[in-house]
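S.K.: Sequence plus predicted model, see below.
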Amino acid sequence: MNTVLCVGELLIDFFCTEADVSLTEGRHFTKQAGGAPANVSAAIARLGGHSAFLGKVGADPFGLFLKQTLEEQSVDTSMLLLDPAAPTTLAFVSRSASGERDFVFHRGADQLLRLEELDRAAVQDASMLHFGSATALLAEPFREVYITLMDDAKANGQFISFDPNYRGDLWAGRQEEFITLSRDGISKADLVKVSDEELQLITSQADCNAALDLLHEWGARAVAVTLGKDGTLISSPDSRLLVPSITIESIDSTGAGDAFIGALLCRISQLAHPAEFTRSAELQRDFVTFANRVGAIVCTKIGAIAALPTLDEVQEYAG
């Protein structure tokens, strides 16, 4: 089985537990491990795959909690650095009754990872790399690390997965910069995961098929467009098909997209040659069906990592 190295942010999410209040009014919060690439690494390991995480947290109680959380999920944390001089990154979130978020982000150690701190040879040992760009592309020096590792992976023939993971709260006033950086990542990726909104934003194409054609022209070998309850559109230069999801009663969709891509990468990692996925419509249908099921199951529980199913649970839903 191939190891999937997930690169990006690992942080603390403080969720306001009071209903329909702003962060100004909120008084009670619950602490959870967060960060899209970290969620993906946990999903892979939870489903029986081999995953590792590369990033930085503070050498503080929050950073130690995050390291412990990943290790409890059997994620390899040998490339997770603890910075004694910087605090762990924190995010505070509350939601209105309409679903709108009130969001405050306190950036810390995750953005301070530098190339000279990494064991580049260890990174090259991973057969597959997953990049989730929610915060990694926002600022230096982590942006340089992120882009350089993607360039290295491309040169080394490693399988590259890229999730642009747009967050309007974080990229306010910098949308064009996000688009430019995302297009560069897409040009190097074997697998791109986007929502339908992200697909339109990045390509400026209202027509989904035209947008997908453009991503393939840029270099993406396979593209998964997540459509929520409507399933996933999986596309490669030679095939394009809509794979339905399962019907569930959704309680909390937090982390569903991360669970989806984690499940998909877990199945791809079981191939002797991961790139085979990008060339086989049969594998794409089979693996995306599995990933859709995992993403849906996560929506039936509260939390991101806490809601991840085991392989046995996924098989129960299949039955």
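M.R.: That came through, no problem.

S.K.: alpha carbons only for contacts and neighbour counts from here, please
M.R.: Noted.

S.K.: Please enumerate the helices of the stretch 151-300 of the chain.
M.R.: For the stretch 151-300 of the chain, the helices defined by DSSP state H, counting those that start in this stretch occupy 175-188, 196-203, 208-218, 256-269, 281-298.

S.K.: Can I get those helices in TSV including mean neighbour count and distance to Phe53?
M.R.: Below are the helices of the stretch 151-300 of the chain laid out as TSV (neighbours: other C-alpha atoms under 10 Å; distance: least, C-alpha to C-alpha, whole Å):
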stretch	mean neighbour count	distance to Phe53
helix 175-188	17	19
helix 196-203	18	25
helix 208-218	17	27
helix 256-269	28	13
helix 281-298	22	20
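
S.K.: And those: which comes nearest Ser239?
M.R.: helix 281-298 (6.4 Å; C-alpha to C-alpha).

S.K.: what pLDDT, on average, does that closest one get?
M.R.: Model confidence over helix 281-298, given as mean pLDDT, is 96.

S.K.: Which elements pack onto it?
M.R.: strand 232-236, strand 239-243, helix 256-269, helix 311-318 (3 or more C-alpha pairs under 8 Å, 6 or more residues apart in numbering; DSSP states H and E).

S.K.: Leu11: which of the helices of the stretch 151-300 of the chain is closest?
M.R.: Nearest to Leu11, of the helices of the stretch 151-300 of the chain and by C-alpha to C-alpha, is helix 256-269 at 14.8 Å.

S.K.: how much does that closest one deviate in direction from strand 232-236?
M.R.: Counting by axes from the mean of the first three to the mean of the last three C-alpha atoms, to 10 degrees, helix 256-269 lies at 40 degrees to strand 232-236.

S.K.: Just the C-alpha atoms of helix 256-269, please, in CSV.
M.R.: What follows is helix 256-269, C-alpha atoms only, in CSV (Å, rounded to 0.1, in the frame of the first residue of the first chain):
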residue,chain,number,x,y,z
ALA,A,256,-17.5,15.9,4.4
GLY,A,257,-15.3,17.1,1.5
ASP,A,258,-12.1,16.2,3.4
ALA,A,259,-13.6,12.7,4.1
PHE,A,260,-14.5,12.3,0.5
ILE,A,261,-11.0,13.1,-0.8
GLY,A,262,-9.4,11.0,2.0
ALA,A,263,-11.5,8.0,1.1
LEU,A,264,-10.7,8.4,-2.6
LEU,A,265,-7.0,8.7,-1.9
CYS,A,266,-7.2,5.7,0.3
ARG,A,267,-8.5,3.6,-2.5
ILE,A,268,-6.1,5.0,-5.0
SER,A,269,-3.2,4.2,-2.6
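
S.K.: So which residues make contact with that helix?
M.R.: Here helix 256-269 makes contact (C-alpha atoms under 8 Å, 6 or more residues apart in numbering) with 1-4, 36-37, 39-44, 47-50, 128, 193, 226, 274, 277, 287-288, 290-292, 294-296, 298-299, 304, 308.
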